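Q: Build me a structure from this.
(2 chains, ligands or ions: 3)
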Amino acid sequence: MSKILGLTGDGAVAYAVKQCNVDVVAAYPITPQTLIVEEFSEYVHNGEVHTEFVCVESEHSAMSACVGASLTGARVFTATASQGLALMHEILYIASSLRCPIVMGVVNRTLSAPINIHCDHSDMMGSRDCGWIQIYVENAQEAYDWVLQAFRIAEDPDVLLPVTVNLDAFILSHSLEGVKVLDDAEVEKFVSTRKPVLRVDPDKPITVGALCLTDFFFETKRQHVEAMNNSPKTISRVNNEFAELTGRRYDFIETFGMDDAEAAIICLGSTAGTAKAVAKSMRSKGKKVGVIKPWVYRPFPAEQIVKAIENLKALAVLDRACSIGAPYGPLCSDTIATLYREGIKLGVFNVIYGLGGRDMTPFDIETVFNETLEVAKTGVVKEPLKFVGVRE
Amino acid sequence: MVRLKDLPTEELFTSGHRLCAGCGAGIVARMTMKALRGPTVVVNATGCMEVASTIYPYTAWKVAWVHVAFENAAAVASGIESAYKAMAKRGAWDKKVDIIAFGGDGGTFDIGIQAISGALERGHDFLYICYDNEAYMNTGIQRSGATPHGAATTTSPAGTKIPGKPEFKKDFIGICAAHGIEYAATASPAYWNDYITKVRKGLEVEGPAVIHVFSPCPLGMRHDSAKSIELARLAVQTRYWPVYEVEKGKYKLNIKVPKPKPIEEFLKIQGRFRHLFQPQFKHVIDELQQYVDENWKRITELCGEA
Ligand SMILES: Cc1ncc(C[n+]2csc(CCOP(=O)(O)OP(=O)(O)O)c2C)c(N)n1
Ligand code: SF4
Ligand SMILES: [Mg+2]
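A: Ligands and ions are numbered 1, 2, ... in the order given. Take a look at the predicted model:
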């Protein structure tokens, strides 16, 4: 039996974590993630969870404590944003390399300077090669749903990788939505408790984190890559089980209008919602536009994207982060690499938008769609990378 | 005080590690393992002890051992302690586990001090041991906040203008005691029974405990590797390294030094102080002696001995 609760994006994450039998939460406050730790603290202080909440003195220690806790076989969660994620950077790699299935909510906020608390994806994109599975959500419902699934994916013995669930600062973190939540008992059945494969146990002593030089290091990385390569099978399985339980079907990507679209936008997070609304209205006027929204960004859903663009002529890749000095933003680089690898010729251009919380309006998106339709018609990309919504 | 015959013969820190001959870190690790009272997890900060005691696929540790990074041993220990607690609450863990975190002076006085302060303030049940060889030895002898005045390191070299490190050593135990923790102590491996007794005491305390132990380093301090214990004894006998403990805020001097040797006795067997014996730098030795005298006075007053 599910019920609908009025929850913010952050609240939806905290509520999901409350239901997931989490042993340790170690976290540090940062806007706009703070609501997650605040709401979770209430659950702890009202005795609603058995979780040890370690109110650490920094994000660096938050991730360090999470790694320590995870190595014992415990189920572990943390959440952060922006500067906090940057401060964790060193330990993010260690968490994934030591194969700690930690789940982390990342409330995507830009990185300083200038200091700014609003949304873009610079924080996660700055750590995109940290070897974690990375999910982006469009609304609070998806945040709730993916947190539940994230524990299952992370802790699967074939995967054993940490997972971030990314939600857009304020747009999602602080907006109230009706969220369908499951009963505690249903969640309990779905996520159960963690069954560690190997753990730090004094009775069966192991050495974790040994020095490892030229003779073995490369093999450990290769295995890490293999774990990521294994993860799609698990992700699909968990998506299927979740769909059976809730009727809500998740996948690597969500598509809208892609069956007959000639021009499409691909983008992450909440912007996809706006893009779908704009596409819907344009399609009602006979314009063949579509939207691709990757839920899963790492592992990169190359296969699914290739399938989605079968009939496409032009694609605008929207990046809410820039890779300064690189030919394209991160999502666009990945997309173009995929197309090139598959030998697909398509008019592609990159749109950098929304940095530091600048709104991406329906009008902006319609303009991008029209430009994409133009590329579809002419086959000519005039501007491979452009900025939308900025004063030049 | 423990007696030799009470100590276990089993070696939980085994030979075959790659620490230098005469390294204090190995002696400290081995002695610590003799003080265990039950299931134990060791957390090790990056540094000589960690690097030289493991190299995949080998390990010198027969206890559960975790290394994550340089500055976070106390935070990792916090997570481990919290995890066992939480799993016990849901009936998935039934062992009482002792947690010991080792950090070098760099990992403790400098880059790790925030994580240590946080863990002490939160009151996690663990024992933090700083083995202090008074510099970043693993990266090639750079100065730390624990390097003494006048010592030559690769980042505080014995120059013609600046003779070694201009600054003095931090009062680490004072910082820890100021957190109001139940047990903090200094020790020297030359006084093994004092050290092992303190480790046991630190483990028995409910909540955080800290031990700061002098750790000779033949390579970085530049002393004869056969004289490590002698150096560790001289550190105490010159009053350079007062051996005391702070129990529930109460200071107690554990090793009295009624007839201290002059600081030169400690300095002259270490290459890192050799430059101070040139006539133009004699004043640095005087400054060091003055530091030792004042520090001793301060500590013994706190101990109610003066
Ligand atoms: C964040 C970070 N900065 C720097 C280093 C390089 N590093 C490794 S060990 C070390 C010095 C360790 O000194 P100390 O803690 O005194 O231990 P010792 O090697 O002297 O036993 C340094 C600087 C690192 N590993 N991580
Ligand atoms: S350099 Fe010093 S601390 Fe490091 S192993 Fe050698 S003697 Fe020990
Ligand atoms: Mg050192």
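Q: Do a quick rundown of the strands in chain B.
A: Taking DSSP state E, the strands of chain B run over residues B:40-44, B:54-55, B:58-59, B:64-67, B:98-104, B:127-132, B:183-187, B:209-214, B:244-247, B:250-253.
Q: Output these as JSON lines; include the columns mean pLDDT and mean neighbour count.
A: Placement of C-beta: from N, CA and C, glycine included. Listed next are the strands of chain B as JSON lines, based on pLDDT from 0 to 100; neighbours: other C-beta atoms under 10 Å in any protein chain shown:
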{"stretch": "strand B:40-44", "mean pLDDT": "98", "mean neighbour count": "27"}
{"stretch": "strand B:54-55", "mean pLDDT": "96", "mean neighbour count": "20"}
{"stretch": "strand B:58-59", "mean pLDDT": "98", "mean neighbour count": "16"}
{"stretch": "strand B:64-67", "mean pLDDT": "98", "mean neighbour count": "26"}
{"stretch": "strand B:98-104", "mean pLDDT": "98", "mean neighbour count": "28"}
{"stretch": "strand B:127-132", "mean pLDDT": "99", "mean neighbour count": "28"}
{"stretch": "strand B:183-187", "mean pLDDT": "98", "mean neighbour count": "26"}
{"stretch": "strand B:209-214", "mean pLDDT": "99", "mean neighbour count": "26"}
{"stretch": "strand B:244-247", "mean pLDDT": "98", "mean neighbour count": "20"}
{"stretch": "strand B:250-253", "mean pLDDT": "98", "mean neighbour count": "16"}
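Q: got these as CSV, with distance to A:Lys3 columns?
A: What follows is the strands of chain B, written out as CSV (distance: least, C-beta to C-beta, whole Å):
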stretch, distance to A:Lys3
strand B:40-44, 42
strand B:54-55, 51
strand B:58-59, 51
strand B:64-67, 42
strand B:98-104, 42
strand B:127-132, 47
strand B:183-187, 51
strand B:209-214, 48
strand B:244-247, 55
strand B:250-253, 57
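Q: so which residue of chain A comes closest to ligand 1?
A: For chain A and ligand 1, the shortest gap (C-beta to the nearest ligand atom) falls at A:Glu90, measuring 6.3 Å.
Q: just to confirm, which helix or strand has that residue in it?
A: According to DSSP states H and E, A:Glu90 maps onto helix A:82-97.
Q: follow-up on the earlier one: out of the strands of chain B, which gets nearest to ligand 3?
A: Ranking those by proximity to ligand 3 (C-beta to the ion) places strand B:98-104 first, at 3.7 Å.
Q: Which positions within the host helix or strand of A:Val225 qualify as buried?
A: For A:Val225, the host element (DSSP H and E) is helix A:217-246. Across helix A:217-246, burial judged by 16 or more other C-beta atoms under 10 Å in any protein chain shown covers A:His224, A:Ala227, A:Met228, A:Asn230, A:Ser231, A:Pro232, A:Thr234, A:Ile235, A:Val238, A:Asn239, A:Phe242, A:Thr246.
Q: ok, and the closest non-adjacent residue to the first one?
A: So that's A:His224. Nearest residue to A:His224, sequence neighbours excluded (C-beta to C-beta, 6 or more residues apart in numbering or on different chains): A:Gly131, at 5.6 Å.
Q: what secondary structure does the one you found sit in?
A: Using DSSP: H, G, I helix; E, B strand; the rest coil, the structure places A:Gly131 in coil.
Q: With the one 10 residues further on instead?
A: Put simply, A:Gln141 is helix when judged by three-state DSSP.
Q: who touches the nearest residue to it once chain neighbours are set aside in this structure?
A: Spatially, and ignoring its direct neighbours in sequence, A:Gln141 is nearest to A:Val179 (5.2 Å; C-beta to C-beta, 6+ apart). A:Val179 makes contact with A:Ile4, A:Leu5, A:Gly6, A:Leu7, A:Ala12, A:Tyr15, A:Ala140, A:Gln141, A:Tyr144, according to C-beta atoms under 8 Å, 6 or more residues apart in numbering or on different chains.
Q: on that earlier part again, find me the pLDDT at the nearest residue to the residue of chain A closest to ligand 1 once chain neighbours are set aside, would you?
A: Once flanking residues are discounted, A:Glu90 sits nearest to B:Ala69: 6.2 Å by C-beta to C-beta, 6+ apart. You'll see B:Ala69 listed with a pLDDT of 98.
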